[in-house]
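1. below are the sequence and a predicted model; questions follow.
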Amino acid sequence: MLERDLQTKVADYLRLQYPKAIFHSDYGSGVKLTVRQATIQKRQNGGRRGWPDMFIAEPSPRCIDGSWNNEWHGLFIELKKEGTRLKKKDGTWATDHIAEQAKMMVELEKRDYLAKFAVGFEEAKDIIDSYLNHMGMSL
């Protein structure tokens, strides 16, 4: 399954299982763009690279030091096709691109967004279910 197909499958799952959830999927993330298109997309993204593939614009409670008074503002998911290795055996990121994505995810978490890698559909589904079930969204 290509990454764009995975993205579509995850979007379909969200739409069917969580019809009230507001989400956005970045269609351009898995598409080969011309140089001109890539330049436009980069400008539209503030010149930043490593932006995650999907965003679920639903807050969710999180526990910090035993307190559930804090909230994630939303969930970002960076989708990877099944079998993708995120890290090398030495613990470093498998590619410069994945390292760049991980850095962006750290920055998002500093701003109270949950940001996760999901390798394959089942992992993405598990992350989504865990996140949205804390909110009491019905399946």
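-> Noted; the coordinates are in hand.
2. which residues are in contact with the nearest residue to Ala115 once chain neighbours are set aside?
-> Spatially, and ignoring its direct neighbours in sequence, Ala115 is nearest to Met105 (3.6 Å; C-beta to C-beta, 6 or more residues apart in numbering). Any C-beta I mention is one placed from the backbone N, CA and C, and that applies to glycine too. Met105 makes contacts with 50, 52, 76, 78, 115-117, as judged by C-beta atoms under 8 Å, 6 or more residues apart in numbering.
3. switch to 7 Å and redo it
-> Contact partners of Met105, counting by C-beta atoms under 7 Å, 6 or more residues apart in numbering, are 52, 76, 78, 115.
4. possible to save the residues you listed as TSV with pLDDT and secondary structure?
-> Formatted as TSV, the contacts of Met105 follow (pLDDT from 0 to 100; DSSP: H, G, I helix; E, B strand; the rest coil):
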residue	pLDDT	secondary structure
Pro52	93	coil
Phe76	97	strand
Glu78	96	strand
Ala115	96	strand
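5. looking at the residues you listed, spot the one nearest Ile98.
-> Ile98 lies nearest to Glu78 out of these, by C-beta to C-beta, at 8.5 Å.
6. the closest one contacts Gly50, correct?
-> No - Glu78 is beyond contact range of Gly50, at 8.3 Å (criterion: C-beta atoms under 7 Å).
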